[in-house]
Each structure stands twice: as structure tokens, then as C-alpha cells.
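In: for reference, the sequence and a predicted model appear below.
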Amino acid sequence: MKNPILWLHGDALGPSNPALLAHPGQPAVFVFDRELLRGNSPTTADPQGAAEPVSLKRIGFLYECLLELPVTLRQGDVASEVLRFAQAHGADGIVTSSSVDPRVGSICRTLEQSLPVVQLEPTPFVELEEGVNLGRFSRYWRQAEREVWADWAPQA
């Protein structure tokens, strides 16, 4: 790929996003998924059912994270908006970060029908030996917290 666009999604919103690091200066897009925001979409925790609507607090958090990044914001159907953005920039492919979220995988498969997609592995926040429950952040945090703070010794 000589001229990719970058697709940022909610699983890697920060300056250490591998797509941003690998392709500095390339156009980047984040799409607020209307169906997901309304709760009309299956979740990782319950792939068969619908989720609760995304809270205004969560939307505000995402927006504040995105303000720190060189990214264009859109809303609507993610695959359609990413492809529209790619076409507007004459892109020959899409670079994103990999995710355990099946929605991201599904969107990547849809995108790949039109353009090549490269998924880059983000640096893990923390290495956990045991299985990770990503259904609720609080469960994940209970597992991760010990490792996160292990190297932070109180200073005398």
C-alpha cells in the first residue's frame, strides 16, 4: 500500500495507535456507529442480542480522546463511511488496529470486499496470563490492576 487511509476505532484511541505510528500524516477517520450508539447492535458479551444504548458519558469520553488525535470524525454505517473516506482520499488500502471485538472483524471483512485491509497489533496495556473477560471493564480491571501497579512502588 502506498496511499492508505487509517481507520481508528474504539479499541485503540490514543497516540500509540499502531496505525497512526506506522503511517504518520496519513488521513485518519473515526466513525461513530449510529446503530451501536442506539443499542441496535449485538455486543461482544451477547452476540445474539442487542446492547444498551451507549451513554452520553461514554460518547463524551470517546470524543475527548478523539480531540487529541489527527482524525476526521464521521457518523453512520462504519464500513460505508470508511470506504467513502478512502475514496475521497484516493486510498489504495485501509490500515487499522486489530481488535478482539467481533464487530471490528466483521467490518474489516466488509471493507476487504473493496480494498485491502491491514490490521496492526497494538501494544497491550498489560500482559495477563489468565483468560481475559472483556464483557465488562470492571471484570477486566480486577484482573489487570495488579499487573498495572506492580512496578509502581511508593516513593519515600
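Out: Sure thing, it's come through.

In: can you pull the contacts of residue 71?
Out: With contact set as CB atoms under 8 Å, 6 or more residues apart in numbering, residue 71 has these partners: 6, 8, 28-30. C-beta: built from backbone N, CA, C; applies to glycine.

In: do the same with residue 122
Out: Here residue 122 is in contact with 11-12, 16-18, 97-98 (CB under 8 Å, 6+ apart).

In: residue 105: which of the contacts of residue 71 is nearest?
Out: Nearest to residue 105 among those, counting by CB to CB, is residue 8 at 15.9 Å.

In: list the buried residues for the helix or strand containing residue 144?
Out: For residue 144, the host element (DSSP states H and E) is helix 137-150. Going by neighbour count (16 or more other CB atoms under 10 Å), the buried part of helix 137-150 is 140, 144.

In: now it: mean pLDDT?
Out: Confidence over helix 137-150, taken as the mean pLDDT, stands at 74.
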